[in-house]
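In: Fold the following for me, if possible:
(one chain, ligands or ions: 1)
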Amino acid sequence: MAENMKNLHGKHALVTGGGRGIGEAIAAGLLLQGARVTIAGRDEAHLQNAVRRLLQMGEVNYVTLDVTDEGSVQQAFEQASKRLGRIDILVNNAGQAQSAPFHKTDAQLWQHMLAVNLTGTFHCTQQVLPAMLKAGWGRIVNISSTAGLSGYAYVAAYCAAKHGVIGLTRSLALEVATKGVTVNAVCPGYTETDIVREAIANIVSKTGRSEEQALAELSANNPQKRLVQPVEVADAVVWLCMPGASAMNGQSVAVAGGEVM
Ligand code: NDP
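Out: All right, here's what the predicted structure looks like:
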């Protein structure tokens with residue numbers, strides 16, 4: 001298809017945590033729809049490798065940032081806008097999932113989960129919203145989790161942060177509803193990325209179960225009895241960014257094989 005016929009031609013999308021996992025799949029999906037894409041994260045080597053893989057799909061660049069640090073976010077977003085233009089699409093995907101029983105969840109773990117998953121989303125959204133409102137067009141997609149819609153044992157801090165992301169999504173969506181900007185959340189179930197690989201290694205080391213048993217345990221909540229694939233999450237995100245999804249606002253779309261929440 002000719003570049004200028006693609007759905008997101010002319011748009012600049014920034015994907016936090018775009019150097020691997022779900023974020024890289026989202027970056028690829030947006031590039032294939034014609035967007036220029038900036039991926040952002042802390043690890044420059046990861047980002048450079050991802051840019052090499054993604055370059056064949058379109059115009060892509062990277063910036064380094066730590067979403068927990070407001071100054072670093074501001075600097076990175078300014079750099080991204082200077083290089084590829086106003087940010088029309090923001091995907092708040094950067095996240096971390098640390099588990100612990102509640103009595104072992106200290107204030108540091110609690111604050112860290114909120115800082116990365118919730119305050120990071122706040123910092124990045126603050127950077128892009130004024131220009132989106134001025135332009136009268138924008139798409140913000142927040143990657144929450146099924147843990148943003150439902151409680152799970154041993155992840156109270158992560159769950160609280162991801163529930164917070166849904167609250168932020170719903171409120172902001174109402175605030176900007178008449179301004180051409182939409183704000184939605186996508187809520188993956190267990191998806192085959194480093195987060196799940198680490199969770200499996202953790203279960204194996206703490207319980208002595210085999211990798212197969214640990215994988216079966218994580219897949220048990222998914223009625224399809226499998227892990228979600230990053231590209232399946234990415235497809236939902238890309239759809240929410242399309243011109244045709246303009247009536248989708250304030251929604252939390254679960255990509256979890258039919259898990260009832
Ligand atoms: P990965 O661990 O593969 O990727 C996480 C990404 O977030 C990395 O690119 C990492 O980049 C970035 N990141 C982490 N901390 C920071 C930070 N402080 N500042 C900037 N970037 C950061 O995980 P997934 O791809 O699986 O996760 C992506 C999102 O999906 C997360 O929000 C996660 O909570 C959510 N999710 C994942 C599920 C799963 O089962 N995989 C299920 C439900 C939700 P770097 O290290 O370079 O900073």
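
In: Only C-alpha atoms from now on, for both contacts and neighbour counts.
Out: Fine.

In: Could you measure from Tyr154 over to the ligand?
Out: Plainly put, Tyr154 is 15 Å away from the ligand if you go by C-alpha to the nearest ligand atom, to the nearest Å.

In: which SS class is that residue?
Out: Here Tyr154 takes the coil state, with states given by DSSP: H, G, I helix; E, B strand; the rest coil.

In: number of nearby residues for it?
Out: Counted with other C-alpha atoms under 10 Å, the neighbours of Tyr154 add up to 16.

In: Correct me if wrong: it contacts Gln98.
Out: No. Taking contacts as C-alpha atoms under 8 Å, Tyr154 lies outside contact range of Gln98: 9.1 Å.

In: Looking at the chain, which strand is longest?
Out: strand 181-188 (DSSP state E).

In: List the strands paired with it, with their directions.
Out: Taking DSSP bridges as the criterion, strand 181-188 forms sheet pairs with strand 138-143 (parallel), strand 252-255 (parallel).

In: any chance of those strands in TSV, with mean neighbour count, mean pLDDT and distance to Gly10 too?
Out: Converted to TSV, the strands paired with strand 181-188 look like this (neighbours: other C-alpha atoms under 10 Å; pLDDT from 0 to 100; distance: least, C-alpha to C-alpha, whole Å):
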stretch	mean neighbour count	mean pLDDT	distance to Gly10
strand 138-143	27	99	13
strand 252-255	22	98	26
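
In: ok, back up a step: tell me the helix or strand right after the longest strand of the chain.
Out: Going down the chain from strand 181-188, the next helix or strand is helix 194-207, by DSSP states H and E.

In: in that next one, what's buried?
Out: Residues Val196, Ala199, Ile200, Ile203, Val204 are the ones in helix 194-207 that count as buried (16 or more other C-alpha atoms under 10 Å).

In: which residues does the last one contact?
Out: Spelled out, it's Val204. Ser210, Glu211, Ala214 (C-alpha atoms under 8 Å, 6 or more residues apart in numbering).

In: ok, for the first one, nearest residue in space, not its chain neighbours?
Out: The spatially closest residue to Ser210, leaving aside those adjacent along the chain, is Val204, at 5.9 Å (C-alpha to C-alpha, 6 or more residues apart in numbering).

In: can you check the last one too?
Out: Counting by C-alpha to C-alpha, 6+ apart, the nearest residue to Ala214 once its immediate chain neighbours are dropped is Ile200, at 5.6 Å.

In: Any idea how far the helix or strand of the chain with the lowest mean pLDDT is from the middle of the chain?
Out: For the chain, using mean pLDDT, DSSP states H and E, the weakest element among its helices and strands is helix 194-207, scoring a mean of 90. Taking C-alpha atoms, centre = their mean, to the nearest Å, one finds the center of helix 194-207 at 21 Å from the center of the full chain.

In: wait, does that helix contact the ligand?
Out: Yes. Helix 194-207 reaches the ligand (C-alpha under 6 Å from any ligand atom) through Asp194, Ile195, Val196.

In: got a list of contacts for the helix or strand just after that helix?
Out: Scanning forward in sequence from helix 194-207 by DSSP H and E, the next helix or strand is helix 211-219. The contact list for helix 211-219 (C-alpha under 8 Å, 6+ apart) reads Tyr190, Ile200, Ala201, Ile203, Val204, Lys225, Arg226, Leu227.
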